[in-house]
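Novice: sequence plus predicted model, see below.
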Amino acid sequence: MTRAGNFAVSPEGDLVTLDGRRVLDAGGAPIFIPTDATDISAGPDGTLSAGGQPIGQLGIMTVENPLELVRQDGVLFDPSNTETIPAENPKIVQGFVEGSNVDPVGQIARMIQIQRAYELGQSFLEADDERVRAAIKTFVK
């Protein structure tokens, strides 16, 4: 199971992910792209067409419990710990690839802010600790 949405056609005519894994249809069979196919397009429901003629439909699945998916590599997941079910009302948009929902630069800036706040809190604790030690030394003498 993968979230990768960029596909290619293998020399054998199979639709594959960029790492060479076959893309399966709704029934679990590999999708074959005819060698003479031109103008391949994907409909909003995952139906693939070549020259206006349907050639297959992407197997768009979801899982009953996403927390039980096991990440294997990059965007590849092992769904063997949970049940896969066909996705209801999938929305495919041709020409777009899902991007990250994380802003790396913003997150690094936030980490720096948190680190500085931690260091400031630590310096306050060290100063208070020194004040308490000085008070104890004064009272013990």
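Specialist: Ah, there it is.
Novice: can you give me the helices in this protein?
Specialist: Secondary structure of the chain (DSSP state H): helices at 104-140.
Novice: for the residue lying closest to L69 once chain neighbours are set aside, give the beta-bridge partners.
Specialist: Distances taken as CB to CB, 6 or more residues apart in numbering place F77 nearest to L69, at 4.3 Å, with adjacent residues excluded. Using the backbone N, CA and C atoms, a C-beta is placed for each residue, glycine as well. F77 has these beta-bridge partners by DSSP bridges: R71.
Novice: so what pLDDT did F77 get?
Specialist: The model reports F77 with a pLDDT of 81.
Novice: same thing with E130?
Specialist: Reported pLDDT for E130: 94.
Novice: in contact with the residue nearest to L69, which residues are there?
Specialist: Contact partners of F77, counting by CB atoms under 8 Å, 6 or more residues apart in numbering, are M1, T2, R3, L69, V70, R71.
Novice: try it again with 10 Å
Specialist: The contact partners of F77, by CB atoms under 10 Å, 6 or more residues apart in numbering, come to M1, T2, R3, V63, P66, E68, L69, V70, R71.
Novice: what is the neighbour count of the last one?
Specialist: When you say that, I think you mean R71. Using other CB atoms under 10 Å, R71 has 9 other residues around it.
Novice: that one and N81 touch, don't they?
Specialist: No - shown here, R71 and N81 do not form a contact pair, counting by CB atoms under 10 Å, at 11.9 Å.
Novice: which residues are in contact with the closest residue to Q94 other than its chain neighbours?
Specialist: Excluding its sequence neighbours, the residue lying closest to Q94 (CB to CB, 6+ apart) is A42, at 4.6 Å. Contact partners of A42, counting by CB under 10 Å, 6+ apart, are G5, F7, L48, S49, Q57, L58, I92, V93, Q94, G95.
Novice: give me that answer again for 7 Å
Specialist: L48, I92, Q94 (CB atoms under 7 Å, 6 or more residues apart in numbering).
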